[in-house]
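Participant: no sequence on hand, only this structure:
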Ligand SMILES: Nc1ncnc2c1ncn2[C@@H]1O[C@H](COP(=O)(O)OP(=O)(O)OP(=O)(O)O)[C@@H](O)[C@H]1O
Ligand SMILES: [Mg+2]
């Protein structure tokens, strides 16, 4: 009819559902705000606790513990993943057992086991072949609370990292590995130049997630007395009994650290995408133009 | 050793599990010759090609390339198995082109071609770059040197893959159905590159279903079925007037 002559007026669909759900959400938020305002919380003391000396030590320990544990986990995870993919059946079997054990046990249990190792092994010594010792020390001295937490967190995470790295390595087609072989690349060069750079795209996003989890997981070290954020806030509240206020101060620091880590992850992924993903990021860019 | 042809295989056997895929393959390819390998699917053509550059180990028999036993070192009348990095050194003189191109996905066309010379041969970067640009021009891709594999058509990818192999200055080139993953209109460009390579005197062992290429470029055609060589001869004879029933049936089906 008139379809090809005059543009006809359009009546947009009224989306009543959206309006109603938005109003409900806003109402609930307002109620929550009123409740929090009436709560018996000394809001103005929270900012002070942020800057207590013990809180600063807690923050430092949380970050250092998380970074050390994640870094060790990545190194161990790569080794376990390579063993898992090796042609040697004993190595494969060992790697599977390792992942099964360290992924299976709760982190808290692992931390407690390392912390209490002195109960069963009072001394740790590594002897040299012709007499003398490389290490000869009481277990209690060697494994401090911090070390025990680091061992527990790192070994547990290394099992997850092994699986992440394995998924990354196997995501690169065997055809490319064979092509690399066919131009005479050694296995080491093939791994470094062909497999790893492409595996990184698969490995980096879940590793970033795991690191954010690790930042929060360090809170378990409070159980054995490592002065991280939770332990620090308990420490303050044991003097002034402002439990909720000090915990909120710790919560603020966790959010700050996690937010910074998320931003870092974003840039890391983008850097690898830009340098590496060539076709994908370029295609995405031109599609947006 | 100088009396050996560039490639000689003697009684090559290969089994997967219980099934014998190659049942004693004897094949010679003299320097500068082009040999086409034809045969039905599952006949063992790919397996044989992969044995030649030791991507697969053989169960029995030997493969000599340029006088060296692939995967072994000959000493005092015995063959000593080589380590993987020593096999890698042997593979430098053999180029291989795959059905599915297998370009490095994170590298541009130019980088795909440069990587081998730089990382394997230790060629200075500038020289490797100049040679790679020459090669890409030769395969008709001077315009696309900065493209990533995913941005190239199948035919273009395969020509980059050929350039990548040639960058290693191989003595022998292996092709495993280089055009069978391509759209029909892209086959011609790849075959043209292969034809000119043959004309320049490259020694080539080519698995293909392109009868036209075999008829035109091959010095010799080998028909392989069920893991054994059924018939060998010049293309005019094997393709035009096959002696064996097996060959005739296969050709009737392929050319139908
Ligand atoms: N890695 C492997 N494991 C087990 N069997 C295999 C393997 N590779 C090949 N085979 C078998 O060996 C036989 C020969 O395979 P091959 O790929 O060499 O045949 P082809 O002649 O190249 O066939 P096509 O023309 O389909 O490529 C087939 O039966 C195949 O199933
Ligand atoms: Mg095949």
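Facilitator: Looks like it arrived, so ask away. Computed from a predicted structure; not experimentally measured. Ligands and ions are numbered 1, 2, ... in the order given.
Participant: which residues of the stretch 101-250 of chain A fall in helices?
Facilitator: Assigned by DSSP state H, counting those that start in this stretch, the helices in the stretch 101-250 of chain A fall at A:107-115, A:139-142, A:145-170, A:174-182, A:187-190, A:196-217, A:229-240, A:243-276.
Participant: so of the ones you listed, which one's packed in deepest?
Facilitator: When the helices of the stretch 101-250 of chain A are scored by mean count of other C-beta atoms under 10 Å in any protein chain shown, the highest mean neighbour count falls to helix A:145-170 (a mean of 22). Just so you know, the C-beta spots here come from the backbone N, C-alpha and C atoms, and that holds for glycine as well.
Participant: any idea of the angle that helix forms with helix A:196-217?
Facilitator: 150 degrees (axes from the mean of the first three to the mean of the last three C-alpha atoms, to 10 degrees).
Participant: same for helix A:145-170, what does it pack against?
Facilitator: Contact here means 3 or more C-beta pairs under 8 Å, 6 or more residues apart in numbering or on different chains; DSSP states H and E; on that basis helix A:145-170 packs against helix A:53-84, helix A:89-104, helix A:107-115, helix A:196-217.
Participant: indicate which one of those helices is closest to ligand 1.
Facilitator: Across those, ligand 1 has its closest neighbour in helix A:89-104 (18.1 Å, C-beta to the nearest ligand atom).
Participant: ok, which of the helices and strands packed on helix A:145-170 comes nearest residue B:213?
Facilitator: helix A:196-217 (33.1 Å; C-beta to C-beta).
Participant: helices or strands up against that closest one?
Facilitator: Against helix A:196-217 (3+ C-beta pairs under 8 Å, 6+ apart) you get helix A:53-84, helix A:145-170, helix A:243-276.
Participant: among the ones you listed, which comes closest to residue A:5?
Facilitator: Across the helices and strands packed on helix A:196-217, closest to residue A:5 is helix A:243-276 (C-beta to C-beta), at 49.0 Å.
Participant: before we move on, back to that, which of the helices and strands packed on helix A:196-217 has the lowest mean pLDDT?
Facilitator: Among the helices and strands packed on helix A:196-217, helix A:243-276 carries the lowest mean pLDDT, a mean of 87.
Participant: and the helices and strands packed on helix A:196-217 as TSV, adding distance to residue B:228?
Facilitator: Shown next, in TSV, are the helices and strands packed on helix A:196-217 (distance: least, C-beta to C-beta, whole Å):
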stretch	distance to residue B:228
helix A:53-84	39
helix A:145-170	35
helix A:243-276	46
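Participant: thought residue A:105 was touching residue A:156?
Facilitator: Yes - Residue A:105 is within contact range of residue A:156, at 7.4 Å (criterion: C-beta atoms under 8 Å).
Participant: export the helices and strands packed on helix A:145-170 as JSON lines, with columns for distance to residue B:167.
Facilitator: Formatted as JSON lines, these follow (distance: least, C-beta to C-beta, whole Å):
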{"stretch": "helix A:53-84", "distance to residue B:167": "29"}
{"stretch": "helix A:89-104", "distance to residue B:167": "35"}
{"stretch": "helix A:107-115", "distance to residue B:167": "50"}
{"stretch": "helix A:196-217", "distance to residue B:167": "20"}
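Participant: ok so, going back, between the helices of the stretch 101-250 of chain A, which gets nearest to ligand 1?
Facilitator: Comparison of the helices of the stretch 101-250 of chain A against ligand 1 by C-beta to the nearest ligand atom identifies helix A:174-182 as nearest, at 10.4 Å.
Participant: what helices and strands are in contact with that closest one?
Facilitator: helix A:187-190, helix B:84-91, strand B:94-97, helix B:154-166.
Participant: now do the contacts for the residue of the stretch 101-250 of chain B found nearest ligand 1.
Facilitator: Per C-beta to the nearest ligand atom, residue B:177 is where the stretch 101-250 of chain B lies closest to ligand 1, at 6.2 Å. If you count contacts by C-beta atoms under 8 Å, 6 or more residues apart in numbering or on different chains, residue B:177 has them with B:46, B:99, B:207-209.
Participant: just the buried residues of the residues you listed.
Facilitator: B:46, B:99, B:207-208 (16 or more other C-beta atoms under 10 Å in any protein chain shown).
Participant: wait, residue A:114 sits on residue A:144?
Facilitator: No - at 10.3 Å, residue A:114 does not count as touching residue A:144 under the criterion of C-beta under 8 Å.
Participant: quick one, which of the helices and strands packed on helix A:145-170 is nearest to residue B:141?
Facilitator: helix A:196-217 (22.3 Å).
Participant: next, the angle from the closest one to helix A:53-84.
Facilitator: 140 degrees.
Participant: pick out the most distant pair among the buried ones among the contacts of residue B:177.
Facilitator: Pairwise distances across the buried ones among the contacts of residue B:177 peak at 11.9 Å for B:46 and B:208 (criterion: C-beta to C-beta).
Participant: up against chain A, what does the stretch 51-200 of chain B have?
Facilitator: By the rule C-beta under 8 Å from any C-beta of the partner chain, the part of the stretch 51-200 of chain B lying against chain A is B:53, B:55, B:84-85, B:88-89, B:91-92, B:94-96, B:98, B:100, B:102-106, B:108, B:115-116, B:119-120, B:148-151, B:161, B:164-165, B:167-168.
Participant: pull out the buried members of these.
Facilitator: Buried members of these, scored by 16+ other C-beta under 10 Å, are B:53, B:55, B:88, B:91-92, B:94-96, B:98, B:100, B:102-106, B:108, B:115-116, B:119-120, B:148-149, B:151, B:161, B:164-165, B:167-168.
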